[in-house]
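Engineer: A predicted structure for the sequence below; I have some questions about it.
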Amino acid sequence: MTRTVNFGLWYDFRNPSGELSFEDLYRANLEQIAWAETLGFSSVWLTEHHFCEDGYTPSPLVIAAAIGERTREMRIGTNLMLLPLADPVRLAEDASALSILTNGRFDLGVGLGYRQVEFDYFGRKLNHRPSLMEEGVDIVRQAWSGKPVSLDGKRFSVDNLVVSPTPQQPPRLLMGGMAPPAIERAARLGDGFLSTGGIGHDVYVDALPDGQTGAICAGHWALISPDPEREAANVGEHALYQTNQYVSWGAFGPPDEVPLFPDAESALRDGLYDLWDADTAVDELKGLLDAYPQIIDVHFWAQLPGESIDSGNARIEYVAAQVLPRLREHLAG
């Protein structure tokens, strides 16, 4: 039996150099996404942060709607949005609208978040994240059910509220995380797990309730090109910037306890990245897909922060021609 796995691209719409206007950057990325669909990429993923000098995507659902208008079959998802910062009823309404506009192609992926400045501004407390997440998931699911929403919780109170319209095909509610409690919560409450850099697959599979097969959408940090050493030289400073931003925000633990990478070489070597040519990528990804039959999607950064669209295009075209057909042939058995 042929196994279907989507292969996609991941975007944060960051613009650290400022050489392009955001208008030009957004336009170029949207054109890239529509082009990538014609090459065989079948998913696109957006992420969310706020108050970043480089413009890290604060409004992924708005961008998702624009992508929906420019694509025909590509699935559109968030990996991920920060549910504890959101009004869950409002988020459910927006996700419903996206599902309606895209004929059911939208998936809502959510996570806890970790940046203090975001929680401070939106009036939420970091130590309330687990209850904000669990109650938020409950509310979103009720809102998509077509029945009135009711919840009397620690963080939210909703009394028999009718939420409409209800999409014919509600989005999948995917959940991400890198710490074991968050991954176990995804196994318990989510329609699937959003992984980052391969972290947590075993934890997720082990935590699945009896009888559930689960689903993994794998955000992969591989950089695939015909000359990995040359690619490392081209993208090293962008990788250093990306990784150290996440470290400084607390993505990998308390910022005062996790050191920054000193240079591009160490970021590429010891961070989440893999530098592969097509043959290596096919072998490694075959192994990943075989080891985890729960994987339904693998997606890669289209380009790193500050990297040019043309540079990202070269990798996209190479992967489409040299990697995806071989992986799909393998999945077809």
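Structural biologist: It's in.

Engineer: all helices for the stretch 151-300 of the chain, in order.
Structural biologist: For the stretch 151-300 of the chain, the helices defined by DSSP state H, counting those that start in this stretch cover 180-189, 201-207, 228-249, 264-270, 278-291.

Engineer: okay if I get those helices as a markdown table plus distance to Glu329?
Structural biologist: Every C-beta, even on glycine, is put in place using the N, C-alpha and C of the backbone. Formatted as a markdown table, the helices of the stretch 151-300 of the chain follow (distance: least, Cβ to Cβ, whole Å):
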| stretch | distance to Glu329 |
| --- | --- |
| helix 180-189 | 31 |
| helix 201-207 | 24 |
| helix 228-249 | 23 |
| helix 264-270 | 30 |
| helix 278-291 | 10 |
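
Engineer: low pLDDT regions in this protein?
Structural biologist: Regions of the chain meeting the criterion pLDDT under 70 are absent.

Engineer: phi, psi of the closest residue to His299 other than its chain neighbours?
Structural biologist: Counting by Cβ to Cβ, 6 or more residues apart in numbering, His299 lies nearest to Gly8, which is 3.7 Å off, once chain neighbours are set aside. Backbone torsions of Gly8, given as degrees, to the nearest 10, read phi -140, psi -170.

Engineer: ok, Gly8 touching Leu39?
Structural biologist: No: if you go by Cβ atoms under 8 Å, Gly8 and Leu39 don't touch, sitting 11.6 Å apart.

Engineer: between the two, point out the one with more neighbours.
Structural biologist: For Gly8 versus Leu39, the count of surrounding residues by other Cβ atoms under 10 Å is larger for Gly8: 26 against 12.

Engineer: check which residues of stretch 260-270 are buried.
Structural biologist: By 16 or more other Cβ atoms under 10 Å, the buried positions in stretch 260-270 come out as Phe261, Ala264, Ala267, Leu268.

Engineer: next one: stretch 2-21
Structural biologist: Across stretch 2-21, burial judged by 16+ other Cβ under 10 Å covers Val5, Asn6, Phe7, Gly8, Leu9, Trp10, Tyr11, Asp12, Phe13, Arg14, Asn15, Pro16.

Engineer: return that stretch as PDB; C-alpha atoms alone will do.
Structural biologist: C-alpha atoms of stretch 2-21 as PDB (Å, rounded to 0.1, in the frame of the first residue of the first chain):
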ATOM      1  CA  THR A   2       1.300   3.500  -0.900                       C
ATOM      2  CA  ARG A   3       1.900   5.600   2.100                       C
ATOM      3  CA  THR A   4       1.200   9.300   1.700                       C
ATOM      4  CA  VAL A   5       3.600  11.800   3.200                       C
ATOM      5  CA  ASN A   6       3.500  15.500   2.500                       C
ATOM      6  CA  PHE A   7       6.800  17.300   1.900                       C
ATOM      7  CA  GLY A   8       6.800  21.000   2.600                       C
ATOM      8  CA  LEU A   9       8.400  24.400   3.300                       C
ATOM      9  CA  TRP A  10       8.500  26.300   6.600                       C
ATOM     10  CA  TYR A  11       8.400  30.100   6.800                       C
ATOM     11  CA  ASP A  12       9.000  32.800   9.500                       C
ATOM     12  CA  PHE A  13       9.100  35.800   7.100                       C
ATOM     13  CA  ARG A  14      12.000  37.400   9.000                       C
ATOM     14  CA  ASN A  15      13.900  40.200   7.500                       C
ATOM     15  CA  PRO A  16      17.000  41.000   9.600                       C
ATOM     16  CA  SER A  17      19.000  42.800   7.000                       C
ATOM     17  CA  GLY A  18      16.200  45.200   6.000                       C
ATOM     18  CA  GLU A  19      17.600  45.100   2.400                       C
ATOM     19  CA  LEU A  20      14.100  44.200   1.100                       C
ATOM     20  CA  SER A  21      11.000  46.000   2.200                       C
END
